[in-house]
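Student: okay, predicted coordinates and the sequence, questions at the end:
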Amino acid sequence: MEKMKITEARVIVCSPGRNFVTLKIFTDQGIYGLGDATLNGREKAVVTYLEEYCIPALLGRDPGNTEDIWHYFYSGVYWKRGAITMTAIAAIDMALWDIKAKALNTPLYNLLGGKSRDRVMVYTHAYGKHLMETIEKVGQEKERGYCAIRIQSGIPGIDHTYGVTEGNKPYEPAQRGIPREYSWDTAKYLNFIPGLFAEVRKAFGEEIHLLHDVHHRCTPVEAARLAKELEPYHLFWLEDPVSAELQEGLRLIRKHSVIPIAIGEVFNSVYDYTTLITEQLIDYIRMPLVHGGGITHLLKVAAMASVYHIQTGFHGATDLSPVNMAAALHFDTAIHNFGLQEYMPYPDLVQEVFRTNYRFEKGYMVIDDTPGIGADIDEEAAQKYPYSAACLPVNRKTDGTLFYW
Ligand code: CS2
Ligand code: MG
């Protein structure tokens with residue numbers, strides 16, 4: 001690969017239905033790379049971090065030196081880790097791998113070990129305001145060909161529940177303006193969910209993989225109760241059962257249940273996982289490329305996880321951009337301990353701005369052999385959709401105590 005030099009880098013912020021941040025790095029060989037830098041509700045913080053503290057130090061470097069550049073922005077920086085920092089590093093890293101694969105005229109997966117599989121199993125979201133609507137939605141997603149479906153539902157007695165949007169609007173938790181406040185009742189939630197899965201299994205049998213996202217809302221003992229009560233329904237995974245700042249809290253769940261656990265979409269480095277992996281307290285790594293320091297770092301995390309029989313299960317909601325999704329599918333195609341990829345189809349508006357190289361086929365994603373990540377951004381189209389501040393909601397218990405959203 002001919003020696004190249006980074007000549008320019010710029011951050012493209014757009015909002016085709018929701019805010020996205022994309023880093024574009026240019027080289028003296030006319031090849032450019034893209035990296036997703038989207039962090040829902042904190043987009044401008046990442047833009048500033050990239051523009052003020054990263055891009056000036058990137059210019060002139062050889063884009064092929066992914067390992068050294070990653071460490072320059074991680075080990076070389078005094079204030080380490082955190083969602084903003086690791087999202088910025090991820091965007092740089094993704095773009096550099098994109099450049100390298102394009103310069104070598106090969107799809108990215110070839111630089112990550114080649115094909116371990118021809119297609120990548122994905123799961124989508126089914127949710128309803130109440131149990132019957134949820135069952136109906138599961139049927140619709142099954143009809144669409146999904147073999148793995150995440151189930152969320154409105155909870156009787158709770159006004160607004162995570163993961164359930166009104167009507168047929170695409171799922172988007174962030175809202176314009178200051179955070180909306182919702183109220184939550186863990187007891188009502190714990191009493192309702194096992195019955196929901198009993199009904200879903202009754203309606204669809206064992207043939208589809210079912211998943212559920214607790215969204216960080218239980219204490220370890222509450223999560224242990226839920227995990228135990230959900231065991232008869234053979235979930236593919238129970239996601240974010242607890243907030244997991246206290247990694248050893250997962251020991252209590254593990255003691256009471258064999259339900260597979262997926263955790264970490266809000267994590268941003270391997271250090272969030274060390275106890276969870278080495279004590280085999282989890283089964284799937286949720287930390288995505290875009291928030292976990294990019295390809296260079298996730299290769300190391302996935303390798304460490306593989307020693308402990310842990311697989312990947314990357315976050316892939318529509319508030320992570322199609323550039324991240326395309327890069328994730330290359331990663332998922334190549335690594336041996338791939339487990340499952342979250343995939344929510346993007347609304348048409350997003351597809352007007354971002355072009356990608358993957359297609360959905362009967363419950364799986366297939367990527368083509370376009371050199372690089374295989375994603376692109378139409379900057380003219382992006383300009384039609386300017387940024388508009390939005391942020392994630394806030395949650396309170398019914399007595400007003402501030403709680404996890
Ligand atoms: C969720 C996300 O997809 C998931 O598993 O946890 O939808 C999450 O709520 C959003 O990405 C937050 O921006
Ligand atoms: Mg989640």
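Tutor: Yep, that arrived. Ligands and ions are numbered 1, 2, ... in the order given.
Student: only C-alpha atoms for contact and neighbour calcs from this point on.
Tutor: Noted.
Student: on the three-state scheme, the one residue in the stretch 251-400 of the chain that gets nearest to ligand 1 is what?
Tutor: Nearest to ligand 1, among the residues of the stretch 251-400 of the chain, is residue 317, at 4.5 Å (C-alpha to the nearest ligand atom). Under the three-state scheme (DSSP: H, G, I helix; E, B strand; the rest coil), residue 317 adopts coil.
Student: now swap in residue 69 and tell me
Tutor: helix.
Student: how close does it sit to residue 96?
Tutor: 9 Å (C-alpha to C-alpha, to the nearest Å).
Student: those two: who's more crowded?
Tutor: residue 96 (29 against 21; other C-alpha atoms under 10 Å).
Student: still on that earlier bit, remind me which helix or strand the closest residue to the residue of the stretch 251-400 of the chain closest to ligand 1 other than its chain neighbours belongs to.
Tutor: Sequence neighbours aside, residue 344 is the residue nearest to residue 317 in space, at 5.8 Å (criterion: C-alpha to C-alpha, 6 or more residues apart in numbering). Taking DSSP states H and E as the definition, one finds residue 344 inside no helix or strand.
Student: so residue 344 touches residue 316, yeah?
Tutor: Yes: counting by C-alpha atoms under 8 Å, residue 344 does reach residue 316; the two are 7.0 Å apart.
Student: what is the burial count for the residue of the stretch 251-400 of the chain closest to ligand 1?
Tutor: Residue 317: 19 neighbours (other C-alpha under 10 Å).
Student: got it, and the one 3 residues further on?
Tutor: For residue 320, the number of neighbouring residues by other C-alpha under 10 Å comes to 23.
Student: what sits against it?
Tutor: Contact analysis of residue 320 by C-alpha atoms under 8 Å, 6 or more residues apart in numbering lists 20, 36, 38, 39, 40, 290.
Student: what's the answer for residue 293, then?
Tutor: 86, 87, 88, 89, 90, 91, 93, 268, 269.
Student: domain-wise, how is this protein divided?
Tutor: Following automatic domain parsing, one finds the domains of the chain at 6-107, 111-371.
Student: which of the residues in the helix or strand containing residue 197 are buried?
Tutor: Secondary structure assignment for residue 197, by DSSP H and E: helix 186-204. Neighbour-count burial for helix 186-204 flags 189, 190, 192, 193, 194, 196, 197, 200, 201 (criterion: 16 or more other C-alpha atoms under 10 Å).
Student: now residue 73: which helix or strand?
Tutor: With DSSP H and E as criterion, residue 73 is part of helix 66-74.
Student: what's the first helix or strand after that helix?
Tutor: Per DSSP H and E, the helix or strand that comes after helix 66-74 is helix 83-103.
Student: that following helix versus helix 66-74: what angle between them?
Tutor: 160 degrees (axes from the mean of the first three to the mean of the last three C-alpha atoms, to 10 degrees).
Student: by contact count, what packs against helix 83-103?
Tutor: When contacts are defined as 3 or more C-alpha pairs under 8 Å, 6 or more residues apart in numbering; DSSP states H and E, helix 83-103 sits against strand 20-27, strand 32-36, helix 43-48, helix 66-74, helix 294-307.
Student: with just CA atoms, put it into PDB.
Tutor: Presented in PDB, the C-alpha positions along helix 83-103 are these (Å, rounded to 0.1, in the frame of the first residue of the first chain):
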ATOM      1  CA  ALA A  83     -18.400   8.300  25.900                       C
ATOM      2  CA  ILE A  84     -17.300  11.500  24.100                       C
ATOM      3  CA  THR A  85     -13.600  10.700  23.900                       C
ATOM      4  CA  MET A  86     -14.100   7.100  22.800                       C
ATOM      5  CA  THR A  87     -16.800   8.100  20.200                       C
ATOM      6  CA  ALA A  88     -14.300  10.600  18.700                       C
ATOM      7  CA  ILE A  89     -11.500   8.000  18.700                       C
ATOM      8  CA  ALA A  90     -14.000   5.500  17.100                       C
ATOM      9  CA  ALA A  91     -14.800   7.800  14.300                       C
ATOM     10  CA  ILE A  92     -11.100   8.400  13.500                       C
ATOM     11  CA  ASP A  93     -10.400   4.700  13.700                       C
ATOM     12  CA  MET A  94     -13.300   3.700  11.400                       C
ATOM     13  CA  ALA A  95     -12.300   6.300   8.800                       C
ATOM     14  CA  LEU A  96      -8.700   5.100   8.800                       C
ATOM     15  CA  TRP A  97      -9.700   1.500   8.300                       C
ATOM     16  CA  ASP A  98     -12.000   2.600   5.500                       C
ATOM     17  CA  ILE A  99      -9.100   4.400   3.800                       C
ATOM     18  CA  LYS A 100      -6.800   1.400   4.200                       C
ATOM     19  CA  ALA A 101      -9.300  -1.100   2.700                       C
ATOM     20  CA  LYS A 102     -10.100   1.300  -0.200                       C
ATOM     21  CA  ALA A 103      -6.300   1.800  -0.900                       C
END
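Student: now it: mean pLDDT?
Tutor: Here helix 83-103 scores 99 as its mean pLDDT.
Student: next helix or strand past it?
Tutor: Counting by DSSP H and E, what follows helix 83-103 is strand 120-128.
Student: if you rank every helix and strand of this protein by mean pLDDT, what lands last?
Tutor: strand 175-176 (a mean of 92; mean pLDDT, DSSP states H and E).
Student: list the buried ones in the helix or strand following it?
Tutor: Counting by DSSP H and E, the next helix or strand C-terminal to strand 175-176 is strand 181-184. Applying a neighbour-count criterion of 16+ other C-alpha under 10 Å, one finds 182, 183, 184 buried in strand 181-184.
Student: phi, psi of the residue nearest to the spatial centre of the chain?
Tutor: Nearest residue to the geometric centre of the chain (C-alpha atoms, centre = their mean): residue 315, 2.2 Å. Main-chain torsions, residue 315, degrees, to the nearest 10: phi -60, psi 140.
Student: touching, it and residue 284? I think so.
Tutor: No: in this structure, residue 315 is not within contact of residue 284 by C-alpha under 8 Å, at 10.6 Å.
Student: how far away is the residue of the stretch 51-200 of the chain found nearest ligand 1 from residue 223?
Tutor: Of all residues in the stretch 51-200 of the chain, residue 173 sits closest to ligand 1, at 6.2 Å by C-alpha to the nearest ligand atom. Separation of residue 173 from residue 223 (C-alpha to C-alpha): 23 Å.
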